[in-house]
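K.L.:
Provide a 3D model corresponding to the input given below.
(chains A, B, C and D)
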Protein chains: 2
Amino acid sequence: MNVAAQESHGTKRAILDCAERLFAAQGFEATSLRAITAEAEANLGAVNYHFATKDALVLAVLRRRMKPLNEQRLALLFQFEQEADGAALSVEKILEALFRPALELVGRGAKGGRYFVRLLAHVLAGPGSYLQPLIQEEFAEKNRRFHAAIRRALPHLASDEVHWRLHFAHGVLLHTIANTHVLELSSAGRCRITNIEATLQKVIAFCAAGLTAGEQVKGKK
Amino acid sequence: MNVAAQESHGTKRAILDCAERLFAAQGFEATSLRAITAEAEANLGAVNYHFATKDALVLAVLRRRMKPLNEQRLALLFQFEQEADGAALSVEKILEALFRPALELVGRGAKGGRYFVRLLAHVLAGPGSYLQPLIQEEFAEKNRRFHAAIRRALPHLASDEVHWRLHFAHGVLLHTIANTHVLELSSAGRCRITNIEATLQKVIAFCAAGLTAGEQVKGKK
DNA sequence: GCTTGATTCATACAAACGTATGAATTACGG
DNA sequence: CCGTAATTCATACGTTTGTATGAATCAAGC
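P.N.:
Below is the predicted model of the structure:
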């Protein structure tokens, strides 16, 4: 029992799945290893065997989805750049590369992607603890590449201004996919994420306008 | 020792302050009552005497700032409407009423406002637990009033579309004030919230553009 | 100056936590 | 088949948790 075989190993994968769901639903500290193993129909010792410690389990849960997510984003950005054939990408296309993989993670509900997103929001809002280095390391290249892409699309914007506006755009995405219940509550249930494409279009339209603010017409701001 | 005297009572207030800070820094579950009382130089029994239970303490911490925050927002909106003297408010003014009180909570660093904001993000991203009713109840009128204000400013937008875009705007605000460290990391320390007015202007400009997206070309109406 | 009510304090307790350990069981190459 | 490594299991340990209790201390009215 060795080689890659990535996540196939039954117990190990079941623990990751249940941990992801429970962490997202209750937070890290509020979720006990016993609750996880109970739901995964595994033994308490199994988590110690496969992950050694609870902190390591948390990191494993995060890494499992974070890496593919950012790889998809970069791949999509690269694909769009190829298709553009040297021409500058539109802000909308750049945002699509940034948003679509994350939104599809939520939409393809069947698997636990929906939980992961809430978990991610938890982590970002969480303590500046041992998780921060992971976040930075995992997101560093993504941030760099998308910052460059926006600068190419909006060359008149100062570099720092691009940092600010990309930060705002991330806020829109994060709040949209992680706190869907807030939208449902404030709209009395009238608005919810059903169609991915429709949601994507709304989010992109909002952020594209924000990113290009102050240039569509000479003057007015 | 009775009458209003709101939060003056030394021990009780010290517990609320320290709880706010520790909750925001580590989350609810990860913060023990002993850690709070130790930092507040109070006895462990004091929290049980003043708040009965830990859950009640959490709610007390939230309510203390949430109510004044939303009252300030509504007051500011009302003030702007008075000044406009019947004319429709600009989207920028509406957003200022929504954002300024929250941003000032962060800026007036001295007191624990900065911690409360992170705590709020924690709560929103948290479980759909006993906190949700509080959130809804506390934010219901604010949502209703600002939704109406935006509809008046952008009458061509469908009601649901206003819900969506206001949701996006809240995401920008929340991420900006709660996850400041993310911006600092991704910008390699070059961007941070120093000047409230400058930050406010950036956030408003971004969201105003997002809210009015799709109509500037159509021609002023 | 004593009484009464409000607050603080030290201490206790049962429950739940993460972790560790060693035996029991399973899977599989030879 | 056997033997070896991988995995599962039951159980235990030492901490830490939230909460409860009753005595000690304080504040103030009469």
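K.L.:
pLDDT (mean, whole number) over the longest helix seen in chain A?
P.N.:
Longest helix of chain A, by residue count under DSSP state H: helix A:54-84. The average pLDDT within helix A:54-84 is 93.
K.L.:
packing partners of that helix?
P.N.:
helix A:11-26, helix A:44-51, helix A:91-107, helix A:113-125, helix A:131-153 (3 or more C-beta pairs under 8 Å, 6 or more residues apart in numbering or on different chains; DSSP states H and E). Just so you know, the C-beta spots here come from the backbone N, C-alpha and C atoms, and that holds for glycine as well.
K.L.:
so chain A: which segments form each domain?
P.N.:
In the domain annotation for chain A, the residue ranges read A:1-52, A:62-211 (automatic domain parsing).
K.L.:
who in chain A is up against DNA strand C?
P.N.:
When proximity is defined as C-beta under 7 Å from any atom of the strand, chain A approaches DNA strand C at A:1, A:31-35, A:44-45, A:47-48, A:52-55.
K.L.:
looking at the domains of chain A, which is nearest to residue B:94?
P.N.:
The closest approach between residue B:94 and any of the domains of chain A, judged by C-beta to C-beta, belongs to domain A:62-211 at 15.6 Å.
K.L.:
shaky segments in chain A?
P.N.:
Applying pLDDT under 70 to chain A flags residues A:1-8, A:109-112, A:127-131, A:215-221.
K.L.:
let's see 50
P.N.:
Residues of chain A that meet the criterion pLDDT under 50 lie in A:1-7, A:217-221.
K.L.:
and the residue nearest the centre of it?
P.N.:
Centroid-nearest residue in chain A: residue A:102, 5.0 Å away (criterion: C-alpha atoms, centre = their mean).
K.L.:
the nearest residue to residue A:67 once chain neighbours are set aside and residue A:98, how far apart?
P.N.:
With C-beta to C-beta, 6 or more residues apart in numbering or on different chains as the criterion, residue A:67 has its nearest non-adjacent residue at 6.7 Å, and that residue is residue A:138. From residue A:138 across to residue A:98, the span is 15 Å (C-beta to C-beta, to the nearest Å).
K.L.:
now do stretch A:57-74: distance to the chain's middle.
P.N.:
Stretch A:57-74 sits 9 Å away from the centroid of its parent chain (C-alpha atoms, centre = their mean, to the nearest Å).
K.L.:
what do you get for stretch A:83-101?
P.N.:
18 Å.
K.L.:
same thing with stretch A:54-66?
P.N.:
14 Å.
K.L.:
burial count for the closest residue in space to residue A:150 that isn't next to it in sequence?
P.N.:
Ranked by C-beta to C-beta, 6+ apart and with sequence neighbours excluded, the top spatial neighbour of residue A:150 is residue A:162, at 5.1 Å. By other C-beta atoms under 10 Å in any protein chain shown, the residues close to residue A:162 number 21.
K.L.:
run through the residues that contact residue A:162.
P.N.:
Shown in contact with residue A:162 (C-beta atoms under 8 Å, 6 or more residues apart in numbering or on different chains): A:147, A:150, A:151, A:154.
K.L.:
which SSE is it in?
P.N.:
Residue A:162 is part of helix A:159-178 when elements are defined by DSSP states H and E.
K.L.:
quick one: residue A:36 and DNA strand D, what's the gap?
P.N.:
From residue A:36 over to DNA strand D the distance is 13 Å, taken as C-beta to the nearest atom of the strand, to the nearest Å.
K.L.:
isn't that residue up against residue A:19?
P.N.:
Yes: the pair residue A:36 / residue A:19 is scored as a contact, 5.0 Å apart, by C-beta atoms under 8 Å.
K.L.:
of those two, which one has the most company?
P.N.:
Looking at residue A:36 and residue A:19 with other C-beta under 10 Å, you find the greater number of neighbours at residue A:19, namely 28 against 25.
K.L.:
so that one makes contact with residue A:34?
P.N.:
No: if you go by C-beta under 8 Å, residue A:19 and residue A:34 don't touch, sitting 12.0 Å apart.
K.L.:
next, the contact list for residue A:160, please.
P.N.:
Residue A:160 makes contacts with B:187, B:190, B:191, as judged by C-beta under 8 Å, 6+ apart.
K.L.:
typed the wrong thing, it's residue A:92
P.N.:
By C-beta under 8 Å, 6+ apart, the contact list for residue A:92 reads A:204, A:205, A:208.
K.L.:
in strands only, show me those residues.
P.N.:
Applying DSSP state E to those, no entry is found in strands.
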